[in-house]
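> need a structure here:
(chains A and B)
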Amino acid sequence: EAGVTQFPSHSVIEKGQTVTLRCDPISGHDNLYWYRRVMGKEIKFLLHFVKESKQDESGMPNNRFLAERTGGTYSTLKVQPAELEDSGVYFCASSHLRRGNTGELFFGEGSRLTVL
Amino acid sequence: GQQVMQIPQYQHVQEGEDFTTYCNSSTTLSNIQWYKQRPGGHPVFLIQLVKSGEVKKQKRLTFQFGEAKKNSSLHITATQTTDVGTYFCAGTPVGRGGSNYKLTFGKGTLLTVNP
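Numbering: from 1, shown residues only, chains lettered A, B, ... in the order given. Model (predicted):
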């Protein structure tokens, strides 16, 4: 079974440019999450999709960030325009849709974004 | 908002020594998960603890969840070079229906092992 895949693995852009990150979750996983780790800090929640619906986007830093999940399959996270503080590793994770205290998150390898 | 503090930030040990990382939440947790991230890799799920006072073992790893469900620890006995990586705790606060979404992560403990 293929794991969570993310693309690109590394992106270097200049301030003001646009970047789009893509995540393909594990097939059959309805839950999809985006997390971000800025260097030296904790992994922070950005948002959560259940199928194609945004369940919680309270972690999104500001309106320069836009996440979509077309058809409830893959997801994209667009940063436009990028700022220096957006640099970090963006992790996508997926999990089964289950009730109760349960479920591990399956993380992708991450997309490292460097804004110069 | 909820905070999860994790200490120490770094730990360097000689191979064969024991290692412990501690996690403390500002609020009561519904459950806590532990992840390991190898250098250059991604977080990989290790375990989930749900019950107050729960203790679980995986070979040389022992995980504990505090009685008040606000703290947790991971102890590794007789470390090996394969244990190298960053260990993260991540909690779900009470009141979210036990859902594992919106985990709050600690900053992680980077473990290095001298062979």
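> so what does the helix or strand bottoming out on mean pLDDT in chain A touch, helix or strand wise?
Across the helices and strands of chain A, mean pLDDT, DSSP states H and E gives its lowest value to strand A:53-56, namely a mean of 90. Judged by 3 or more Cβ pairs under 8 Å, 6 or more residues apart in numbering or on different chains; DSSP states H and E, strand A:53-56 is in contact with strand A:43-50. Glycine gets a C-beta too; all of them are placed from N, C-alpha and C.
> test my guess that A:Tyr67 contacts A:Leu77.
Small correction: residue A:67 is Ala, not Tyr. Yes: the pair A:Ala67 / A:Leu77 is scored as a contact, 4.8 Å apart, by Cβ atoms under 8 Å.
> now for these two: what residues contact both?
Residues touching both A:Ala67 and A:Leu77 by Cβ atoms under 8 Å, 6 or more residues apart in numbering or on different chains: A:Trp34, A:Leu46.
> who's more crowded, these two?
A:Leu77 (24 against 20; other Cβ atoms under 10 Å in any protein chain shown).
> average pLDDT across the one helix or strand the more buried one maps to?
Under the criterion of DSSP states H and E, A:Leu77 resides in strand A:75-79. What strand A:75-79 shows for mean pLDDT is 98.
> buried residues, the helix or strand that it is followed by. List them.
Under the assignment DSSP H and E, the closest C-terminal helix or strand after strand A:75-79 is strand A:88-95. Of all the residues in strand A:88-95, those buried under the rule 16 or more other Cβ atoms under 10 Å in any protein chain shown are A:Gly88, A:Val89, A:Tyr90, A:Phe91, A:Cys92, A:Ala93, A:Ser94, A:Ser95.
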